[in-house]
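J.: give me coordinates for this.
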Amino acid sequence: MSLYSTQSDDSEQPLVQVRDLHVQFGRQAVLREINLEVSRGETVAVIGESGCGKTVLLKTIIGLVRPTRGSVSFDGRDLASLPPGDLAATRTRFGFVFQQAALFDSMTIGQNVAFPLRQHRDYSNDEIQRIVLTRLAEVGLPENIVAKKPAELSGGMRKRVGLARALAIDPELILYDEPTTGLDPIMSDVINELILNTRRQHPVAGIVVTHDMRTAQKVADRIVMLYPLARLKTGAPQVIYNGPPAEIERAADPRVTQFVRGEARERLMELRQQNGSLAWTTE
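T.: Numbering: from 1, shown residues only. Have a look, this model is predicted:
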């Protein structure tokens with residue numbers, strides 16, 4: 001199954017190239033025959049049910065999970081073939097926005113945002129402070145929070161700090177793992193707007209893993225939907241949609257439209273058949 005960018009320029013090498021990717025843990029296969037290209041400046045949303053391999057795909061793209069078969073290349077270099085030092089250097093070109101922000105509780109907000117700069121850049125304290133304040137301002141946070149601890153902030157503010165930290169070292173690719181999970185609709189849309197604003201202000205590509213269709217349709221140039229291998233017939237493609245957000249609600253595959261609309265009837269019928277229970281009902 002091929003997953004190619006609708007925006008790629010044949011004369012320009014894609015920033016991310018995934019080729020025939022298989023990932024298996026023991027006997028459990030999670031990803032199978034995934035092919036993906038992400039162009040510079042493009043934002044791709046990856047959607048699908050829990051357990052379909054979305055987060056594993058993110059971790060493989062950043063080099064935290066090694067492919068069982070196939071390859072992941074960043075800017076033309078196969079991550080699995082890089083020496084540890086080169087892989088570490090390549091990762092400094094990524095930003096990662098974690099699902100629960102993953103801030104260091106013992107550090108202040110300023111120290112959290114400065115952390116990647118102190119780890120990977122040889123900047124003066126004044127320059128680091130300037131960058132920290134600039135990035136916090138970009139995500140709509142005031143200067144007076146730099147001395148606070150993460151526990152003093154709301155969930156939405158912590159998410160924004162996580163984005164500021166990801167932007168601190170000017171990445172070429174940002175990976176977002178469920179950026180709006182646990183947020184109310186208004187704060188979710190704030191995060192969506194910040195993702196869009198990030199792309200406007202910085203030449204950065206993005207891969208957004210999300211269950212939130214509003215997020216996927218608002219921030220992405222292209223949506224890719226994965227399906228759990230455990231529910232696929234042998235040889236059936238794991239990618240069941242690859243296209244623009246505007247067309248996903250008219251997708252030919254009913255599994256796609258059911259997911260987009262949040263319709264559980266077919267899934268409940270499957271569970272009923274699996275369990276052999278008359279207790280399940282869709283009425």
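
J.: show me what stretch 68-87 is in contact with.
T.: The contact list for stretch 68-87 (Cβ atoms under 8 Å, 6 or more residues apart in numbering) reads 13, 15-24, 33-34, 60-61, 63, 66-67, 90, 93-94, 172-173. Every residue, glycine included, has its C-beta placed from N, CA and C.

J.: buried only: go through these for me.
T.: Among the contacts of stretch 68-87, those classed as buried by 16 or more other Cβ atoms under 10 Å are 15-19, 21, 23, 33-34, 60-61, 63, 67, 90, 94, 172-173.

J.: the residues you listed in helices, which ones?
T.: Taking DSSP state H, the ones among the buried ones among the contacts of stretch 68-87 that sit in helices are Thr60, Ile61, Thr90.

J.: out of those, who's nearest Asn242?
T.: Of all these, Ile61 has the smallest distance to Asn242: 16.3 Å, by Cβ to Cβ.

J.: what separates the closest residue to the closest one other than its chain neighbours from Val46, distance-wise?
T.: Leaving aside its chain neighbours, Ile61 sits nearest to Val72 (5.6 Å; criterion: Cβ to Cβ, 6 or more residues apart in numbering). In this view, Val72 and Val46 are 14 Å apart by Cβ to Cβ, to the nearest Å.

J.: go on, Thr60?
T.: From Thr60 to Val46 the distance is 12 Å (Cβ to Cβ).

J.: any idea which helix or strand carries the nearest residue to Tyr227 once chain neighbours are set aside?
T.: Nearest residue to Tyr227, sequence neighbours excluded (Cβ to Cβ, 6+ apart): Ile240, at 5.0 Å. Assessed by DSSP states H and E, Ile240 sits inside strand 239-243.

J.: partners of that strand in the sheet?
T.: strand 222-226 (antiparallel) (DSSP bridges).

J.: rewinding a little: wait, the residue nearest to Tyr227 sits on Ala252?
T.: No. At 9.9 Å, Ile240 and Ala252 do not qualify as touching, with contact defined as Cβ atoms under 8 Å.

J.: distance from the strand holding Ile240 to the middle of the chain?
T.: Here the centre of strand 239-243 is set off from its chain's centre by 16 Å, with Cα atoms, centre = their mean, to the nearest Å.

J.: buried residues in it?
T.: Val239, Ile240, Tyr241, Asn242.

J.: kindly reformat the residues you listed as CSV containing pLDDT and distance to Pro150.
T.: Formatted as CSV, the buried residues of strand 239-243 follow (pLDDT from 0 to 100; distance: Cβ to Cβ, whole Å):
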residue, pLDDT, distance to Pro150
Val239, 94, 36
Ile240, 95, 38
Tyr241, 95, 36
Asn242, 94, 37
